[in-house]
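Participant: Let me see the structure of the following:
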Amino acid sequence: MRILFVSSEAHPVIKTGGLADVSGSLAITLARLGHDVRLVLPYYAQVRNHLPGLQTIARPAVPNQRGSLRILRGELPSTDGEGCPLWLVDSPYHFDRHGGPYIDHNGADWPDNGERFGLFCQVGHALAQGRAGLDWRPDLVHCNDWQTGLICALLAQEPERPRTVFTIHNLAYQGLYPRSLFDFLKLPEHLWTLHGLEYHGLLSFIKGGLVFADRLTSVSPGYAREILSSAYGRGLHGVLQLRQGILHGILNGIDTNQWNPGNDPHIWQNYSVRKLARKRKNTHGLRTAFELADTPSSLLLGMVTRLVHQKGIDLVLEALPELMKRPVQLVIQGSGNSDLERALQDAQRRWPTRLRLNIGYSETTAHRIEAGADAFLMPSRFEPCGLNQMYSLRYGTPPIVRRTGGLADTVVDASPAALADGQANGFVFDEPSAEALVAAVDRAVALFERPKLWRALMRAGMKQDFSWQRSAERYLQLYEELLGG
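Facilitator: Numbers count the residues shown, from 1 in each chain. Next up is the predicted model:
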């Protein structure tokens, strides 16, 4: 199959979250399985250092383009040297700027994000239809999240076109902009309806995917069910209910080369399911690096997360006075809401040998937390898939999670029955409350004090298969069904 895979970010060249991990890993896996894949990304300023030797291969034209526009060709690198072809949309006016892909240095959205990703969608449409001056047309276009939604809407207007798949990574981000942007992008007037791109008087990028794609996917079976409800549907549950017959939940995979405790270059000591004792050196290293008290009998909890309401950081803050009464330590890496950052910094000053922070992000530190923590905390209010719980399971670091989305699909609670049959791999709680979080940690502390059972919990997680091979085969099955294969 010829597959055009379109995303606003992809690891390792540009990443703000799980979308990048998914896009980079899935595109490469599809290519390894023998398919002709072209991954399309914006050419952000931050991408330059990762991709030397790019070539100009096309100069497409789109309505109201500001300045130069071209397509650059390179290769998306991978951990084992087998990448996939990469096409970069180089519009300096839109993407050559310092800051993040979506936000400036002050943490505010770029005010022209709608125009920026509107242009990205127009170029994606041209590439899909063979109108960019390249001798290549896809059989299928796979779009990801709101930044690509208009591609599906534009392709749906074509009498002859490739099939389309749209993946919902996080319905909380929808790409809502004024009607004036709809006019600026010269979108077809008949799309401005309740059953098209209009949403409460605004242009909705994500509706382009939800309404017009041939197939919809979400990043876990649990999230696919949740977004059909008013509680999780973010005002779009009605649209999704109408299309639930073509909505498929496919659990994300992880890069098992990048996340492998057996050969991870970031951690202090490599280990495996057969050499679990070696993990202790990583736990000692994490305590030392974060200046925690050297108390091996304490349960060392880790978190690598965005510091936002979705991730339940406020629940952690509320629970801290109780947690700090237990034999528990906590290491957190992340950034986000400034009020939550300050509250955590205040808490660190209160419990300096029990709670330590790294405000920001370091890939090395993320790996070291996964390897060094005894358990990993993810009290998310909602979690479309989640990757850190899968990293944690692979690293023998049982997750403590709330039962939602992909967390519910991957973590089996350490109930007596699940422990007895060897299926348990973590701890699950239901209510988004500090009390429920503390109760789950208490259960973890109690099991941690029984080393034989704890090791069984670790091994159960480490033996699971979360590779992209499994997930990619499910996507290929969907593609083949869509193309009539």
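
Participant: immediately after whichever strand or helix holds Ile206, which helix or strand?
Facilitator: Assigned by DSSP states H and E, Ile206 belongs to helix 205-212. Next along the chain after helix 205-212, taking DSSP H and E as the criterion, comes strand 215-218.

Participant: Which residue ranges make up the domains of the protein?
Facilitator: What automatic domain parsing lists as the domains of the chain is 2-253+468-483, 276-462.

Participant: What ranges in the chain fall below the confidence cut-off?
Facilitator: Applying pLDDT under 70 to the chain picks out residues 79-81, 485.

Participant: At which residues are the helices of the stretch 51-200 of the chain located?
Facilitator: 92-95, 113-128, 149-155, 179-184 (DSSP state H, counting those that start in this stretch).

Participant: between the ones you listed, which gets nearest to Leu216?
Facilitator: helix 149-155 (9.6 Å; CB to CB). C-beta: built from backbone N, CA, C; applies to glycine.

Participant: same for that closest one, what does it pack against?
Facilitator: On a contact count with 3 or more CB pairs under 8 Å, 6 or more residues apart in numbering; DSSP states H and E, helix 149-155 meets helix 113-128, strand 140-144, strand 163-168, helix 205-212.

Participant: Output the ones you listed in TSV, with mean neighbour count and distance to Leu457 appended to each entry.
Facilitator: Formatted as TSV, the helices and strands packed on helix 149-155 follow (neighbours: other CB atoms under 10 Å; distance: least, CB to CB, whole Å):
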stretch	mean neighbour count	distance to Leu457
helix 113-128	24	43
strand 140-144	26	34
strand 163-168	25	32
helix 205-212	26	38
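
Participant: just the strands in the stretch 1-150 of the chain please.
Facilitator: Along the stretch 1-150 of the chain, the segments classed as strands by DSSP state E, counting those that start in this stretch run 2-6, 36-42, 55-58, 70-76, 84-90, 140-144.

Participant: mind giving me JSON lines with these and columns for distance to Ala371?
Facilitator: Converted to JSON lines, the strands of the stretch 1-150 of the chain look like this (distance: least, CB to CB, whole Å):
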{"stretch": "strand 2-6", "distance to Ala371": "31"}
{"stretch": "strand 36-42", "distance to Ala371": "30"}
{"stretch": "strand 55-58", "distance to Ala371": "39"}
{"stretch": "strand 70-76", "distance to Ala371": "26"}
{"stretch": "strand 84-90", "distance to Ala371": "29"}
{"stretch": "strand 140-144", "distance to Ala371": "29"}
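
Participant: Packed most tightly, which of those strands would that be?
Facilitator: Comparing these by mean neighbour count (mean count of other CB atoms under 10 Å), strand 140-144 comes out on top with a mean of 26.

Participant: orientation of it relative to helix 113-128 in degrees?
Facilitator: Counting by axes from the mean of the first three to the mean of the last three CA atoms, to 10 degrees, strand 140-144 lies at 170 degrees to helix 113-128.

Participant: partners of strand 140-144, with directions?
Facilitator: The pairing partners recorded for strand 140-144 under DSSP bridges are strand 2-6 (parallel), strand 163-168 (parallel).

Participant: about what we covered before: and the helix holding Ile206, what does it pack onto?
Facilitator: helix 113-128, helix 149-155, strand 163-168, helix 237-242.

Participant: for those, which one sits closest to Leu323?
Facilitator: strand 163-168 (33.7 Å).

Participant: Now do that closest one: everything it contacts.
Facilitator: Contacts with strand 163-168, where a contact means CB atoms under 8 Å, 6 or more residues apart in numbering, come from 22, 139-145, 148-149, 151-152, 155-156, 206, 209-210, 212-219, 223, 227, 384, 475, 478-479, 482-483.

Participant: ChimeraX command for the buried members of those residues?
Facilitator: Applying 16 or more other CB atoms under 10 Å to these, the buried members can be selected in ChimeraX as follows:
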select :22,139,140,141,142,143,144,145,148,149,151,152,155,156,206,209,210,212,213,214,215,216,217,218,219,223,227,384,475,478,479,482
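
Participant: Please name the nearest non-neighbouring residue to Ser272.
Facilitator: Leaving aside its chain neighbours, Ser272 sits nearest to Gly262 (4.8 Å; criterion: CB to CB, 6 or more residues apart in numbering).

Participant: Tabulate the helices and strands packed on helix 149-155 in TSV, adding columns for distance to Gly461.
Facilitator: What follows is the helices and strands packed on helix 149-155, written out as TSV (distance: least, CB to CB, whole Å):
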stretch	distance to Gly461
helix 113-128	37
strand 140-144	28
strand 163-168	26
helix 205-212	33
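
Participant: mind checking which of these is nearest Asp339?
Facilitator: helix 113-128 (23.5 Å).

Participant: same for the closest one, what does it pack against?
Facilitator: Using 3+ CB pairs under 8 Å, 6+ apart, helix 113-128 sits against strand 2-6, strand 36-42, strand 84-90, helix 92-95, strand 140-144, helix 149-155, helix 179-184, helix 205-212.

Participant: would TSV of the ones you listed with distance to Leu134 be doable?
Facilitator: What follows is these, written out as TSV (distance: least, CB to CB, whole Å):
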stretch	distance to Leu134
strand 2-6	11
strand 36-42	9
strand 84-90	9
helix 92-95	20
strand 140-144	14
helix 149-155	16
helix 179-184	26
helix 205-212	23
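
Participant: Residues in contact with stretch 224-232: which ones?
Facilitator: Applying CB under 8 Å, 6+ apart, the set of residues contacting stretch 224-232 from outside is 168, 171, 217-218, 223, 233-234, 236-237, 240-241, 244, 247-249, 382, 404-405.

Participant: Buried ones from those, can you make that a PyMOL selection?
Facilitator: To isolate the buried members of the contacts of stretch 224-232 in PyMOL, using 16+ other CB under 10 Å:
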select buried, resi 168+171+217+218+223+233+234+236+237+240+247+248+249+382+404+405
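
Participant: first to last residue in stretch 177-197, what's the distance?
Facilitator: 11 Å (CA to CA, to the nearest Å).

Participant: Now do the SS call for Lys452.
Facilitator: In three-state terms, and counting by DSSP: H, G, I helix; E, B strand; the rest coil, Lys452 is helix.

Participant: The one 5 residues further on now?
Facilitator: Here Leu457 takes the helix state, with states given by three-state DSSP.

Participant: any idea where the strands of the stretch 301-450 of the chain begin and end?
Facilitator: For the stretch 301-450 of the chain, the strands defined by DSSP E, counting those that start in this stretch occupy 328-336, 355-359, 375-378, 399-402, 427-429.
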